[in-house]
Structure formats: structure tokens, C-alpha cells
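In: build me a structure from this.
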Amino acid sequence: MTIAELGTLTIADRAVERIAARAATEVDGIGETAKASAKVDGGFTSLGVRLSVDYPLSVAKTTERARAHLLSRVEEYTGLTVSRMDITVTSLASAAAVTRRVL
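Out: I've put the predicted structure just below:
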């Protein structure tokens with residue numbers, strides 16, 4: 001019996017979205033929440049990712065690292081080739097929360 005005779009594996013858009021959103025938060029300098037959208041077409045997927053970057057890090061360098069990590073993780077976990085990836089930076093988040101107190 002060959003692999004072709006065993007059938008096919010279908011990966012849902014939502015599964016890829018969850019993998020991509022989680023992978024984005026694994027990158028240093030990316031906020032704790034990220035949102036992703038995905039469209040799977042055969043062995044390819046296109047991604048849209050919305051995330052925040054910690055201030056004062058370089059947006060270009062941080063999103064470049066995020067892009068490489070997302071590409072690696074999605075391909076590793078799904079076997080799909082990422083054909084397109086759009087990253088939108090939704091905010092610059094302060095790495096240290098500012099707490100105000102009234103005395």
C-alpha cells in the first residue's frame with residue numbers, strides 16, 4: 001500500500017489561524033495577543049496576521065523575525081507552503097506597564 005492509497009489530509013483554515021496566532025506570540029518583542037486569518041488552497045496557505053510590537057523595538061526588524069518564525073512554524077506543523085503573508089502592526093505597546101498612584 002502506498003501513501004497515495006491511504007487518503008488525504010485536509011487542514012482547516014481555522015487550524016492554520018490558531019497555529020499562526022500562537023507562533024506570533026513566541027517571537028520576542030511581539031505582544032501577548034495576535035490574531036491571524038488564513039486561507040488554505042491545496043498545499044498552500046496565505047496568512048494575514050495582526051500583532052503589536054513592543055516599544056521601542058524596531059518595527060521592521062521585529063516583523064522580519066516574526067515573518068521568518070511564522071513561515072517556519074506553519075510549514076513545520078501543517079506541511080503547507082506559505083504563499084503569502086501580510087503582517088499588520090496594530091500598536092506599539094510599552095514593554096513596561098506604567099502604574100500611576102494618587103497619594
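
In: residue 65 touches residue 27, doesn't it?
Out: Yes. Using CB atoms under 8 Å, residue 65 makes contact with residue 27 at a distance of 5.5 Å. C-beta coordinates here come from the backbone N, C-alpha and C atoms, glycine included.

In: okay, the two: which has more neighbours?
Out: It is residue 27, of residue 65 and residue 27, that has more neighbours when counted by other CB atoms under 10 Å, with 19 against 16.

In: just the pLDDT at residue 94, thanks.
Out: On pLDDT, residue 94 comes in at 80.

In: ditto for residue 10
Out: Listed pLDDT for residue 10 reads 86.

In: would you mind giving the secondary structure of it?
Out: Using DSSP: H, G, I helix; E, B strand; the rest coil, the structure places residue 10 in coil.

In: burial of it, as a residue count?
Out: The burial count for residue 10: 7, using other CB under 10 Å.

In: residue 93 now?
Out: Look at residue 93: counted by other CB under 10 Å, it has 17 neighbours.

In: shouldn't it be in contact with residue 33?
Out: No. Contact status for residue 93 versus residue 33: not in contact, 9.8 Å apart, counting by CB under 8 Å.
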